[in-house]
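S.K.: Below: sequence and its predicted model.
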Amino acid sequence: MFLSKKVVIPLQCRILKCIGQAGFSTSSRRDVKFYEDAEEAVKDIPDGSKLLVGGFGLCGIPENLIAALLKTKQSKLTVVSNNAGVDDFGLGLLLRAR
C-alpha cells in the first residue's frame, strides 16, 4: 500500500520475521518499517528465501514487490500462493524468470 509515495511493508509480509501488525497477534510487538520504494523493501531478501504471497489470482497481489524482486534478481525463491495468476503478470512473471 502507498502512503505519500512511500511503500509501507509490515515485516511479517516480507520474510515472516514477526507477526503483530494491526493486532493480528496476541503479542504487543508492533514492528513496522517504512521504505522509499519497493526495490528498497526487497533488496535484503536473500537468495533461497521462502515467501508467502497474498491475494487471489490477480486481485490483491503485491505486484510492485514482485516487479522489484525481478529487478533485484534474487534466485532460488520458494513462493507459496493459492494462485499464480497469469503468465505475463504477477507471480507468473516470477515463474517465467525461474
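M.R.: Looks like it arrived, so ask away. Residues are numbered from 1 along each chain as shown.

S.K.: Show the residue spans covered by the helices in the protein.
M.R.: Residue ranges of the helices in the chain, as given by DSSP state H, are 38-42, 63-72, 91-97.

S.K.: Buried residues of the second one, list them for me.
M.R.: Looking back up the chat, that one is helix 63-72. Buried residues in helix 63-72, counted by 16 or more other C-beta atoms under 10 Å: 63-69. Just so you know, the C-beta spots here come from the backbone N, C-alpha and C atoms, and that holds for glycine as well.

S.K.: and what of the shortest one?
M.R.: For helix 38-42, burial by neighbour count (16+ other C-beta under 10 Å) applies to 38-42.

S.K.: For that helix, name the packing helices and strands.
M.R.: For helix 38-42, the elements it packs on are strand 6-10, helix 63-72, judged by 3 or more C-beta pairs under 8 Å, 6 or more residues apart in numbering; DSSP states H and E.

S.K.: rerun that using 10 Å as the cut-off
M.R.: Helices and strands touching helix 38-42, by 3 or more C-beta pairs under 10 Å, 6 or more residues apart in numbering; DSSP states H and E, are strand 6-10, strand 32-35, helix 63-72.
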